[in-house]
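# With the sequence up front, the predicted model follows.
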Amino acid sequence: MRLGRVVLGNNIKTNTMKVTLQFETGKPRFGRHKGLWTLTKEFKDEKHMDNFISYIIRTKGYMLDEVYINE
């Protein structure tokens, strides 16, 4: 499953990128709110991030909701 690409720009200062990912778990926590799982992680490149996202979708069944690039 191929996911959409995020334009990262030129990341010259470091070899890694810090990203916050938010997934929908499908399990609401309170009332009508959707269940969300948010994590911040460093990736070596965009392919590494795509592989991690695919792994979470495949193993946990979560769906990607948001991607934030922390600079």
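Thanks, I have it. Residues are numbered from 1 along each chain as shown.
# Sketch out the strands for this structure, chain order is fine.
Assigned by DSSP state E, the strands in the chain fall at 17-24, 36-43, 63-70.
# what's the first one in contact with?
To tie it back to what came earlier, the one meant is strand 17-24. Residues outside strand 17-24 that contact it (CB atoms under 8 Å, 6 or more residues apart in numbering): 8, 11, 34-46, 49, 52-53, 56, 60, 62-71. All C-beta spots, glycine's among them, are computed from the backbone N, C-alpha and C.
# Kindly report the same for the second one.
Contacts with strand 36-43, where a contact means CB under 8 Å, 6+ apart, come from 16-25, 29, 49, 52, 62, 65, 70.
# Try it again at 6 Å.
Residues from elsewhere that reach strand 36-43, judged by CB atoms under 6 Å, 6 or more residues apart in numbering: 16, 17, 18, 19, 20, 21, 22, 23, 25, 49.
# how far does stretch 62-71 sit from the chain's center?
What separates the centre of stretch 62-71 from the centre of its chain is 4 Å, taken as CA atoms, centre = their mean, to the nearest Å.
# For ChimeraX, what selects the buried ones among the contacts of strand 17-24?
Only the buried members of the contacts of strand 17-24 enter the following ChimeraX selection, criterion being 16 or more other CB atoms under 10 Å:
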select :43,49,53,56,62
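# Spatially, which two of the contacts of strand 36-43 are the most separated?
Spatially, the most separated pair among these is 16 and 25, at 26.6 Å (CB to CB).
# Poorly predicted segments of this structure, please.
Flagging of the chain using pLDDT under 70 yields the residue ranges 1-14, 31-32.
# what is the residue nearest the centre of the chain paired to in the beta sheet?
Centroid check for the chain by CA atoms, centre = their mean gives residue 21 as the closest residue, at 3.1 Å. Taking DSSP bridges as the rule, residue 21 bridges to residue 39, residue 67.
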